[in-house]
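J.: I would like to see how this sequence folds:
(one chain, ligands or ions: 1)
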Amino acid sequence: MRQHRRTTRLLGSLLLVTAAGVSAVGAAPTGQTPTPLGRVIPAPESVKPGGAPYRITNSTRIHVDDSREARRIGTYLAEVLRPSTGYRIPVTDRQGPGIRLKLGSKDASLGDEGYRLDSGRNGVTITARRPAGLFHGVQTLRQLLPAAVEKDSAQPGPWLVAGGTIKDTPRYGWRGAMLDVSRHFFTVDQVKRYIDQLALYKVNKLHLHLSDDQGWRIAIDSWPRLATYGGSTQVGGGPGGFYTKADYKEIVRYASSRYLEVVPEIDMPGHTNAALASYADLNCDGVAPPLYTGTEVGFSSLCVDKDVTYDFVDDVIRELAALTPGRYLHIGGDEAHSTSHDDYVKFMDRVQPVVAKYGKTVIGWHQLTGATPAKGALAQYWGLDSTSAAEKEQVAAAARNGTGLILSPADRIYLDMKYTKDTPLGLDWAGLVEVKRSYDWDPGNYLPGAPSSAVKGVEAPLWTETIATPANIDYMAFPRLPGAAELGWSPAATHDWDTYKVRLAAQAPRWDALGIGYYRSPQVDWPTG
Ligand code: TNX
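T.: Numbering: from 1, shown residues only. So this is what the prediction gives:
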């Protein structure tokens with residue numbers, strides 16, 4: 001009898017394991033079997049499954065520490081849970097069973113962004129040292145719940161969270177996404193939508209490419225025509241647009257409520273036609289060129305020998321720095337094909353100290369390493385496998401000299417590259433980048449000769465020459481963006497395409513629930529139905 005019972009129990013758990021295995025690749029989990037603890041993106045650092053699941057019910061409360069940040073994160077979680085569960089989900093600072101969000105963990109190994117999640121019959125507890133960690137833990141909890149939790153109307157449930165413990169900290173402090181709002185303008189609400197998508201994958205930097213040949217997108221009081229004229233069009237000749245200072249502050253506020261830091265970029269000395277068209281004085285010949293709505297690059301340059309250029313740069317950086325609470329200011333520096341090398345070096349030698357004067361740290365595209373990067377500057381590497389050894393070595397040498405690297409290899413994580421030759425959007429100058437290719441590389445060991453300690457993290461840029469709507473953003477970012485986020489967050493030891501693609505497939509019902517129209521790559525066994 002005893003023996004028999006043990007056998008049935010064993011059989012039962014075998015069946016459970018098989019069921020979980022099947023749902024890993026097959027039909028979407030019904031919610032009867034909780035999502036296995038490790039099936040989240042980015043892959044957590046450590047996962048110990050075990051014990052009974054927690055079930056969210058009509059009596060579930062969110063218990064928060066008596067701190068403003070914990071309460072805010074609790075409210076954010078409640079707002080995810082309420083519409084789909086149909087439950088009240090009160091947020092309270094009294095103790096009790098349910099979902100607990102706790103700050104002030106003494107576990108130093110959690111760092112500023114790590115968290116611990118413990119789940120069992122009586123509840124789910126997320127602990128962290130800092131609010132960002134608590135927020136990232138909440139994103140993990142979201143992904144452990146059925147995809148229907150993302151819907152905005154009541155769904156049947158049940159709402160189970162598998163039992164066990166996750167301990168999770170990021171591999172890199174820089175996990176970024178860049179949005180080019182210059183080639184096509186995106187409204188504040190459209191940027192917020194992208195921020196929400198980024199937050200789900202623990203991305204913590206939003207780099208906004210605010211100026212380029214086709215449009216200047218940020219109001220500068222001392223040079224008002226930059227925005228009103230320079231921002232009045234876009235690729236293809238549409239109406240363009242720009243952010244008022246209040247708009248920009250709202251983006252910064254919203255991003256920071258999702259624990260993303262905004263990194264503004266003013267691209268200089270090339271990519272400046274919109275500014276040159278707005279003020280004749282900025283041109284060496286004193287003649288303003290027309291606005292530009294094409295997609296060529298490399299034809300414009302600020303006038304390096306004119307003093308007014310540096311008045312302009314000082315004013316722009318001063319006003320932008322004052323609007324930006326984050327540490328960094330990106331000064332572009334890419335594709336300055338109309339600026340001589342000597343002028344480029346001269347320009348960067350004069351401009352980098354201005355960034356420091358206004359209290360910010362310089363970031364430049366990796367061409368900055370061809371000049372003299374300021375102390376503490378970061379270079380954003382966007383080369384390809386086929387980039388010349390000499391160019392790679394120039395960047396690696398700067399890295400050995402103390403310049404930090406953000407890795408954005410164009411033939412891996414440029415989200416504007418076509419997936420295949422038939423992709424209706426995007427460019428292909430860096431090649432075709434299918435999902436596997438975008439995931440299958442190691443940032444820690446990527447640029448030959450660069451010390452791994454120089455690598456600050458990973459950033460996925462989305463250039464928008466061909467991207468005009470939120471639906472276009474969705475299609476190019478999904479499913480590649482979660483892979484970039486995982487490269488930035490997860491330990492190298494978890495890196496494995498075959499298990500990743502199972503976790504990726506499991507995200508699809510969530511994207512459906514969120515209204516994200518993604519590219520159904522044939523490299524992934526997407527759930528049917
Ligand atoms: C290169 S990458 C550019 C951008 C283009 C992009 C298109 C870089 C720093 N510059 O100006 O928009 O390619 O993929």
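
J.: So which residues on the chain come close to the ligand?
T.: 297, 334, 335, 365, 382, 414, 416, 427, 463, 465 (CB under 6 Å from any ligand atom). Bear in mind the C-beta positions are built from the backbone N, C-alpha and C, glycine included.

J.: before we move on, which element is the second one in?
T.: Right, residue 334. Using DSSP states H and E, residue 334 sits in no helix or strand.

J.: correct me, but it touches residue 367?
T.: Yes - applying CB atoms under 8 Å, one finds residue 334 in contact with residue 367, separated by 5.4 Å.

J.: the more surrounded of the two?
T.: Neighbour count, other CB atoms under 10 Å: between residue 334 and residue 367, residue 367 has more, with 21 against 18.

J.: Distance check, the residue of the stretch 201-350 of the chain found nearest the ligand against residue 82.
T.: Residue nearest to the ligand within the stretch 201-350 of the chain (CB to the nearest ligand atom): residue 334, separated by 3.4 Å. Residue 334 sits 45 Å away from residue 82, going by CB to CB, to the nearest Å.

J.: And residue 328, by the same measure?
T.: Applying CB to CB to residue 328 and residue 82 gives a distance of 36 Å.

J.: The two: who's more crowded?
T.: Between residue 328 and residue 82, residue 328 has the larger neighbour count (other CB under 10 Å), namely 21 against 15.

J.: all helices for the stretch 301-450 of the chain, in order.
T.: 307-323, 341-357, 389-400, 410-413, 435-439 (DSSP state H, counting those that start in this stretch).

J.: and those as a markdown table, adding mean pLDDT?
T.: What follows is those, written out as a markdown table (pLDDT from 0 to 100):
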| stretch | mean pLDDT |
| --- | --- |
| helix 307-323 | 98 |
| helix 341-357 | 97 |
| helix 389-400 | 98 |
| helix 410-413 | 98 |
| helix 435-439 | 98 |
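
J.: between these, which gets nearest to residue 377?
T.: For residue 377, the closest of the helices of the stretch 301-450 of the chain is helix 341-357, at 6.9 Å, according to CB to CB.

J.: what angle separates that closest one from helix 307-323?
T.: With axes from the mean of the first three to the mean of the last three CA atoms, to 10 degrees applied, the angle from helix 341-357 to helix 307-323 works out at 40 degrees.

J.: Show me which positions of helix 341-357 end up buried.
T.: 343, 344, 346, 347, 348, 351, 352, 354, 355, 356 (16 or more other CB atoms under 10 Å).

J.: And for stretch 422-436?
T.: Buried-residue list, stretch 422-436, by 16+ other CB under 10 Å: 423, 425, 426, 427, 430, 431, 433, 434, 435.

J.: Taking those residues, tell me the two that lie furthest apart.
T.: Applying CB to CB across the buried residues of stretch 422-436, the maximum distance is between 427 and 435, 17.4 Å.

J.: give me the low-pLDDT residue ranges for this structure?
T.: Applying pLDDT under 70 to the chain flags the ranges 1-31, 529.

J.: can you rerun that using 80?
T.: Within the chain, the segments meeting pLDDT under 80 span 1-32, 529.

J.: Could you pull out the helices in the stretch 1-150 of the chain for me?
T.: 2-25, 68-85, 131-144.

J.: Leaving out chain neighbours, which residue sits closest to residue 126?
T.: Of all residues not flanking residue 126 in the chain, residue 137 sits nearest, at 3.8 Å (CB to CB, 6 or more residues apart in numbering).

J.: One more: residue 185?
T.: residue 241 (3.9 Å).

J.: Please report how far that neighbour lies from residue 472.
T.: 16 Å.

J.: Could you tell me how far the residue in the stretch 401-529 of the chain that the ligand sits nearest to is located from residue 472?
T.: Distances between the stretch 401-529 of the chain and the ligand by CB to the nearest ligand atom are smallest at residue 463, namely 3.5 Å. Residue 463 sits 12 Å away from residue 472, going by CB to CB.

J.: Comparing these two, which shows the higher neighbour count?
T.: When residue 463 and residue 472 are compared for neighbours, residue 463 comes out ahead with 24 against 19, by other CB under 10 Å.

J.: The more buried one is in contact with residue 183, isn't it?
T.: Yes - taking contacts as CB under 8 Å, residue 463 lies within contact range of residue 183: 6.5 Å.

J.: hang on, the earlier thing: name all residues that make contact with the residue of the stretch 201-350 of the chain closest to the ligand.
T.: Contact analysis of residue 334 by CB atoms under 8 Å, 6 or more residues apart in numbering lists 267, 270, 271, 365, 366, 367, 382.

J.: So which of these are in strands?
T.: When DSSP state E is applied, the contacts of residue 334 are split such that 267, 365 fall in strands.

J.: The contacts of residue 334 into JSON lines, with extra columns for distance to residue 400?
T.: Putting these into JSON lines (distance: CB to CB, whole Å) gives the following:
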{"residue": "267", "distance to residue 400": "27"}
{"residue": "270", "distance to residue 400": "27"}
{"residue": "271", "distance to residue 400": "28"}
{"residue": "365", "distance to residue 400": "19"}
{"residue": "366", "distance to residue 400": "14"}
{"residue": "367", "distance to residue 400": "18"}
{"residue": "382", "distance to residue 400": "19"}
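
J.: Now list the buried members of the contacts of residue 334.
T.: Applying 16+ other CB under 10 Å to the contacts of residue 334 flags 267, 270, 271, 365, 366, 367, 382 as buried.

J.: So residue 445 is in contact with residue 452, correct?
T.: Yes - Residue 445 is within contact range of residue 452, at 6.6 Å (criterion: CB under 8 Å).

J.: was I right about the residue nearest to residue 126 contacting residue 169?
T.: No - when contacts are counted by CB under 8 Å, residue 137 is not listed as touching residue 169 (11.0 Å).

J.: Show me which of the two is the more surrounded one.
T.: residue 137 (29 against 21).

J.: Return the residues in contact with the more buried one.
T.: Counted by CB under 8 Å, 6+ apart, residue 137 has contacts 101, 115, 116, 117, 126, 127, 128, 168.

J.: if we go to 7 Å?
T.: 115, 117, 126, 128 (CB atoms under 7 Å, 6 or more residues apart in numbering).

J.: before we move on, what about residue 344?
T.: 269, 336, 370, 371.

J.: who wins for most neighbours among the residues you listed?
T.: Busiest of these [other CB under 10 Å] is residue 336, holding 28 neighbours.

J.: Find the residue closest to residue 93 in space, skipping its chain neighbours.
T.: Per CB to CB, 6+ apart, closest to residue 93 is residue 66, 4.8 Å.

J.: That neighbour reaches residue 95, doesn't it?
T.: No - Residue 66 lies out of contact with residue 95 (CB atoms under 7 Å); the separation is 10.8 Å.
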